[in-house]
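A.B. asks: no FASTA, just this:
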């Protein structure tokens, strides 16, 4: 039986077309509004990247419903690769909402104890996860990102094995794929478990469900339909393709609900002039270029997989501006791990300094101590003599920025000064209150006469 002859009833195909158009329209509406209100590029670029998954799913599922053989070879790999990328975009958005990696390591996780692995076997094999250690944060980040970069390789190998017909190798590849996606989702769940309390103010559950449900729907529906084929419930000559077409047809209809869910979970109104009256917005063409740029993704990949061991260290994540109470309340396990890295504590644990060698420091090397914490240094901290602070003071200060009347605009990312935003600013509210007060005074004077 020809693969392309596996078709659904005509009314079902028409329903899939209408459903896909509706879901695409809803998603494009949300994406366009984000682009027109592009006031927080570092955050909105991630939101737009997540929103794109709905129209991408709608288009590819519709193609798979009408042309299954073509979709399996050409459009499904695109959808699967972007599905993996969406997980990483959501992970990056969570880090951004929490203030960035440095803020997570140096402040948010200092009063947390290490988190035990929820899986019993892993709990016995692996050490507890402590996100106040940059190397543990790197471990979680690598666990999420490896799936993003494994998915293109998987799709390419699947295509080659489909052409050359190697069923045994295909089975091994599927096992590796399941291990990769499980590791990615497990790493994301660990990150969520460690910082669940800190994520509450950002209402993360709708965002989390948007990303998870669309992935689980596509995965588990396919598993269920394959089981129906295996037990003979779906059997029409070419039952494998029938299950594939049916799965994508169901997804076409479900995309309407996913598009509405994404529109609610990732609204554009928090970036409107009413919510951010004093902020400029980026021009639409430059906003599109920014959100579809790849430099930030490549930077994360290079630092996670190539420079991670040298970048994610305690020295690069120094706690200069952290309150002393947070350092002193650090749990014993985290403190011990920092001692192993060469950090020493003083002043009842409220300040820290580095040692070049583990153990005591000779007096001849005492001026190499790098004190972290309070800037008030005693004579006991540093030996008399030349030190790096005097060298820093001798270097002239750069006052050029202070002499400028304004910060020059970036020619690569020009902004639009939104005049409408001033209607909602505090200054306008103050002026209106003053005007209303003067009118009330004039009315009182007229009434007295």
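C.D. replies: All right, it came through fine. Everything quoted here is computed from the prediction, not taken from an experiment. Numbers count the residues shown, from 1 in each chain.

A.B. asks: in this structure, what helix or strand scores lowest on average pLDDT?
C.D. replies: strand 371-372 (a mean of 40; mean pLDDT, DSSP states H and E).

A.B. asks: count of neighbours near residue 33?
C.D. replies: 16 (other CB atoms under 10 Å). To be clear about C-beta, it is placed using only N, CA and C from the backbone, and glycine gets the same treatment.

A.B. asks: give me the pLDDT for it.
C.D. replies: At residue 33, the model reports a pLDDT of 96.

A.B. asks: that one against residue 266, yeah?
C.D. replies: No - counting by CB atoms under 8 Å, residue 33 stays clear of residue 266, with 10.5 Å between them.

A.B. asks: go through the top helix by length along the chain and flag the buried ones.
C.D. replies: For the chain, the helix that runs over the most residues, judged by DSSP state H, is helix 134-164. Across helix 134-164, burial judged by 16 or more other CB atoms under 10 Å covers 134, 136-151, 154-155, 157-158, 161.

A.B. asks: average pLDDT for the helix or strand that contains residue 179?
C.D. replies: For residue 179, the host element (DSSP states H and E) is helix 167-194. Mean pLDDT, computed over helix 167-194, is 87.

A.B. asks: please enumerate the helices of the stretch 1-150 of the chain.
C.D. replies: 10-36, 41-51, 53-66, 68-70, 76-97, 101-103, 120-125, 134-164 (DSSP state H, counting those that start in this stretch).

A.B. asks: mind putting the ones you listed into a markdown table with distance to residue 251?
C.D. replies: Below are the helices of the stretch 1-150 of the chain laid out as a markdown table (distance: least, CB to CB, whole Å):
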| stretch | distance to residue 251 |
| --- | --- |
| helix 10-36 | 9 |
| helix 41-51 | 17 |
| helix 53-66 | 4 |
| helix 68-70 | 13 |
| helix 76-97 | 10 |
| helix 101-103 | 35 |
| helix 120-125 | 32 |
| helix 134-164 | 18 |
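
A.B. asks: most packed of the ones you listed?
C.D. replies: Among these, ranked by average contacts under mean count of other CB atoms under 10 Å, first place goes to helix 53-66 (a mean of 23).

A.B. asks: contacting residues around it?
C.D. replies: 8, 13, 16-17, 19-20, 23-24, 26-28, 70-72, 75-76, 78-79, 82-83, 86, 214, 218, 244-245, 248-249, 251-252, 255, 258-259, 262 (CB atoms under 8 Å, 6 or more residues apart in numbering).

A.B. asks: give me the domain ranges for the chain.
C.D. replies: 3-291, 342-390, 418-448 (automatic domain parsing).

A.B. asks: what's the least confident stretch among the ones you listed?
C.D. replies: domain 342-390 (a mean of 49).

A.B. asks: for the strand or helix carrying residue 248, buried residues please.
C.D. replies: Per DSSP H and E, residue 248 falls inside helix 239-265. Across helix 239-265, burial judged by 16+ other CB under 10 Å covers 239, 241-256, 258-263, 265.

A.B. asks: for residue 34, list the residues it contacts.
C.D. replies: Here residue 34 is in contact with 44, 47, 48, 51, 266, 268, 271 (CB under 8 Å, 6+ apart).
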